[in-house]
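> Quick one: sequence plus predicted model below, questions after.
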Amino acid sequence: MRPLMIESTQREQMIDITRAVEELLPKSALESGWVVVYCPHTTAGLTINENADPDVQRDMLHALRELIPQEFGFRHFEGNADAHLKASLMGSSLMAPIEDGRLALGRWQGLYLCEFDGPRQRTLRVDVLASASG
Amino acid sequence: MRPLMIESTQREQMIDITRAVEELLPKSALESGWVVVYCPHTTAGLTINENADPDVQRDMLHALRELIPQEFGFRHFEGNADAHLKASLMGSSLMAPIEDGRLALGRWQGLYLCEFDGPRQRTLRVDVLASASG
Amino acid sequence: MRPLMIESTQREQMIDITRAVEELLPKSALESGWVVVYCPHTTAGLTINENADPDVQRDMLHALRELIPQEFGFRHFEGNADAHLKASLMGSSLMAPIEDGRLALGRWQGLYLCEFDGPRQRTLRVDVLASASG
């Protein structure tokens, strides 16, 4: 299980981690299997989405902010309850396929760290699982 | 890792893929483990939910459309930013248990491809992971 | 694959299952790998989020209820369509890392069953996957 350190620079940000994850794949990589990325933080999440037009990432953050404003009748004293919910909506882990020892994403896909309460330093964990399909 | 081709017929649609996934389980299936289904597309997602009353699927699509209309201050030029966000909310992969070589879902559960920008042809990937518990 | 029985006491409730999951890890636990928790129900989900301030869990349920009220133009005859959608938003499974044979969550993380249509008895399934990294 390898650490992947990412530094966010804004409160809300989608950071493309595709290449960084790929570089962490073990050299003796699996011919076929899965990469698992895990986020040990509670105000950031992980997702897979389009990496072509940056407006997609901007639009996703925008819509989440419209839906879940920072003030929403929240009681949590830190003022970041919105970030906790957004993190759970995206999820704390993701899986992506490995084929021929490399990430085998869809044509338009990238892996994203979704920062909802930055700027902060985040440390993800990257691991691989073997397929049992033979 | 096996491909599963699905053809959606509407812009938004929840398509039951339970039987199709089960038919792709390797013949020498795991006694106990997990199936992983992966969606390599960025405007469709995967989820597990009720497969008894079709109104549940209709209601889920309805509520997502109410929450995230196609016009929502989005900038993405393709006009489908709503679909990208909905896909991330559902998720790009799912896991379901295998017992005695068969899918072991809850009584009311089915596996769904959630189409948010159809009609299109989608190609999912299906794989199996071995349990390490035993 | 081991069962984990949880009894919810309210319609909506986030129940910390971290310790219960940890107690189910096999004694001959993996040095390094992943726990998978699966929810075979369609009106409850699973997530990982903050376990320090209980207001975070209250705020998450509150915001989901604001976004997706029980009456929302739904047709499902059981009157719990909101719960089905919330369950899919949280997800039906979660993965968390195991290191040195124990759960290795982030400092503020806990594992939660998200009940959206209780009170009910829920039976989760807990399994482990081995890392292939080495």
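All right, it came through fine.
> which strands and helices sit next to the longest strand along chain A?
Looking across chain A with DSSP state E, the single longest strand is strand A:121-130. Helices and strands touching strand A:121-130, by 3 or more CB pairs under 8 Å, 6 or more residues apart in numbering or on different chains; DSSP states H and E, are strand A:2-7, strand A:32-38, strand A:109-115, strand B:121-130, strand C:32-38, strand C:121-130. Backbone N, C-alpha and C define where each C-beta goes, glycine included.
> just to confirm, which helix or strand has the nearest residue to A:Gln70 once chain neighbours are set aside in it?
Spatially, and ignoring its direct neighbours in sequence, A:Gln70 is nearest to A:Asp82 (5.0 Å; CB to CB, 6 or more residues apart in numbering or on different chains). Assigned by DSSP states H and E, A:Asp82 belongs to helix A:81-90.
> Centre-most residue in chain A?
The residue lying closest to the centre of chain A (CA atoms, centre = their mean) is A:Leu46, at 2.4 Å.
> does chain C sit close to the helix or strand in which it is found?
Taking DSSP H and E as the criterion, A:Leu46 maps to strand A:44-50. No - using CB under 8 Å from any CB of the partner chain, strand A:44-50 stays clear of chain C, with a minimum separation of 9.7 Å.
> between that strand and strand A:32-38, how big is the angle?
140 degrees (axes from the mean of the first three to the mean of the last three CA atoms, to 10 degrees).
> Give me the helices and strands touching strand A:44-50, please.
helix A:54-67, helix A:81-90, strand A:93-99, strand A:109-115, helix B:81-90.
> what about the longest strand of chain A, distance to the chain center?
Relative to its chain's centre, strand A:121-130 lies at 10 Å (CA atoms, centre = their mean, to the nearest Å).
> Buried residues, it. List them.
Buried residues in strand A:121-130, counted by 16 or more other CB atoms under 10 Å in any protein chain shown: A:Arg122, A:Leu124, A:Arg125, A:Val126, A:Asp127, A:Val128, A:Leu129, A:Ala130.
> My understanding was that the fifth one contacts C:Met95; is that so?
No - the criterion here is CB atoms under 8 Å, and A:Asp127 misses it with C:Met95 at 9.7 Å.
> For the closest residue to A:Glu12 other than its chain neighbours, give me its contacts.
Closest residue in space to A:Glu12, ignoring its immediate chain neighbours: A:Leu61 at 4.8 Å, by CB to CB, 6+ apart. Residues counted as contacts of A:Leu61 (CB atoms under 8 Å, 6 or more residues apart in numbering or on different chains) are A:Glu12, A:Gln13, A:Met14, A:Cys114.
> Go through the residues you listed and give me the one with the most neighbours.
Counting neighbours by other CB atoms under 10 Å in any protein chain shown, the top entry in those is A:Cys114, with 27 neighbours.
> any idea how far chain B is from that residue?
Distance check for A:Cys114 against chain B: by CB to the nearest CB, to the nearest Å, it reads 8 Å.
> Contacts only, for that residue.
Shown in contact with A:Cys114 (CB under 8 Å, 6+ apart): A:Gln13, A:Met14, A:Ala44, A:Gly45, A:Leu46, A:Thr47, A:Leu61, A:Lys86, A:Ala87, A:Met90.
> do that again at 7 Å, thanks
A:Met14, A:Ala44, A:Gly45, A:Leu46, A:Thr47, A:Met90 (CB atoms under 7 Å, 6 or more residues apart in numbering or on different chains).
> Of those residues, which is the nearest to C:Trp108?
Closest approach to C:Trp108 among the contacts of A:Cys114 (CB to CB): A:Ala44, at 11.7 Å.
> give me the number of residues near the nearest residue to the closest one once chain neighbours are set aside?
The shortest distance from A:Ala44 to any non-neighbouring residue, by CB to CB, 6+ apart, is to A:Glu115 (5.1 Å). Using other CB under 10 Å, A:Glu115 has 27 other residues around it.
> and A:Val21, that one's in a helix?
Yes - assessed by DSSP: H, G, I helix; E, B strand; the rest coil, A:Val21 belongs to a helix.
> That one: how many residues sit nearby?
Neighbour tally, A:Val21, other CB under 10 Å: 21.
> And A:Glu22, by the same measure?
Counted by other CB under 10 Å, the residues lying close to A:Glu22 total 17.
> what about A:Arg107, is that helix, strand or coil?
What three-state DSSP gives for A:Arg107 is coil.
> where's the closest residue to it other than its chain neighbours, which helix or strand?
Nearest residue to A:Arg107, sequence neighbours excluded (CB to CB, 6+ apart): B:Pro40, at 7.5 Å. Remark: B:Pro40 resides in no helix or strand, with elements defined by DSSP H and E.
> where does B:Pro40 land on pLDDT?
Note for B:Pro40: predicted pLDDT of 98.
> for it, what are its contacts?
Counting by CB under 7 Å, 6+ apart, B:Pro40 touches A:Leu105, A:Gly106, A:Gln109, B:Thr123, B:Arg125.
> Just give the number of residues close to the residue of chain A found nearest chain B.
Nearest residue of chain A to chain B, counting by CB to the nearest CB: A:Gly106, 2.8 Å away. By other CB under 10 Å, the residues close to A:Gly106 number 19.
> swap in A:Met5?
9.
> what's the closest non-adjacent residue to it?
Of all residues not flanking A:Met5 in the chain, A:Thr123 sits nearest, at 5.2 Å (CB to CB, 6+ apart).
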